[in-house]
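Q: Show me how the following folds:
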Amino acid sequence: MGFYQDHIVPVLINLAMRRQELVAYRSHVIPAAEGRVLEIGVGSGLNLPFYSRNVERLVGLDPSTKLLSMVRRNLKRNASPVELIEGSAEAIPLKTNSVDTVVTTWTLCSIPDADCALREMHRVLRPGGQLLFVEHGRAPESNVRWWQDRLTPVWKRIGGGCHLNRAIQVLIEDAGFQFDRLETSYIHGPNPLTFMYEGSARPR
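A: Okay, the predicted model is just below:
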């Protein structure tokens, strides 16, 4: 993928995801995870401190060797029980109906085939299992969407494949999920970059 994508982008992602205003989302969503948990795009492990004792087993999946090395360094300090897998969300290496909770935070924007990845999440979730998510994506206002559509081609190149204009609600519904809860809002920053989707859903 090249030096920039393999080594620089993971560092930039780690720095961006440490923003203080994202902590409120993590503290609201992550503690609801329970049982056997799969985190898609575990990144540098910033969600790990927010998991509760209701988690029996945690698997963190990420395609980035660099980000997973950051998680391992943190795990040595925190001694948190987590299995790390380097791999793609489009081909999750877990059995069908083997997971109670799937967690995805600011990840669907950068997965090359988000539709395929969400179908894979649906596959590994047991009946009645839950998808917990926080994502940024397509805004409701036409003027903001105009900017998202025009910025995305450039933003993808500098941001590790990140799309600003993915319709997160539609993607999740089309993959066979129904929402238990869905909340949307802007956070501080330029509107094309900061429209958030947060909530939970279950396989239909």
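Q: in this structure, what spans have low per-residue confidence?
A: 1, 3-18, 20, 76-80 (pLDDT under 70).
Q: Show me where it has its helices.
A: 3, 9-16, 23-29, 65-78, 114-124, 142-158, 168-174 (DSSP state H).
Q: Nearest approach to Glu56 belongs to which of those?
A: When the helices of the chain are compared by Cβ to Cβ, helix 114-124 sits nearest Glu56, at 15.3 Å. Heads up, the C-betas are built off the backbone N, CA and C, glycines and all.
Q: What distance do you get for Pro142 to Asp149?
A: One correction, residue 142 is Ser, not Pro. Taken as Cβ to Cβ, to the nearest Å, the spacing of Ser142 relative to Asp149 amounts to 10 Å.
Q: out of the two, which sits in the more crowded spot?
A: Higher neighbour count among Ser142 and Asp149: Asp149, with 14 against 7, using other Cβ atoms under 10 Å.
Q: pretty sure the more buried one contacts Ala167?
A: No. Look at Asp149 against Ala167 with Cβ atoms under 8 Å: they stay out of range, at 11.6 Å.
Q: Tell me which of the helices of the chain is the most buried.
A: Of the helices of the chain, the one with the most neighbours on average (mean count of other Cβ atoms under 10 Å) is helix 114-124, at a mean of 21.
Q: so how far is that helix off the chain centroid?
A: Relative to its chain's centre, helix 114-124 lies at 12 Å (Cα atoms, centre = their mean, to the nearest Å).
Q: Packing partners of it?
A: Judged by 3 or more Cβ pairs under 8 Å, 6 or more residues apart in numbering; DSSP states H and E, the packing partners of helix 114-124 are strand 35-40, strand 99-105, helix 168-174.
Q: The same query, at a cut-off of 7 Å, please.
A: Here helix 114-124 touches helix 168-174, going by 3 or more Cβ pairs under 7 Å, 6 or more residues apart in numbering; DSSP states H and E.
Q: and the angle for the longest strand seen in the chain with strand 99-105?
A: Secondary structure of the chain per DSSP state E: the longest strand is strand 125-136. Counting by axes from the mean of the first three to the mean of the last three Cα atoms, to 10 degrees, strand 125-136 lies at 10 degrees to strand 99-105.
Q: Please name the strands paired to strand 125-136 in the sheet, noting orientation.
A: Partner strands and pairing direction for strand 125-136 (DSSP bridges) are strand 99-105 (parallel), strand 195-203 (antiparallel).
Q: From Val154, how far out is the closest residue to Leu61 other than its chain neighbours?
A: Leaving aside its sequence neighbours, Leu61 sits nearest to Ile85 (Cβ to Cβ, 6 or more residues apart in numbering; 5.0 Å). According to Cβ to Cβ, Ile85 stands 31 Å off from Val154.
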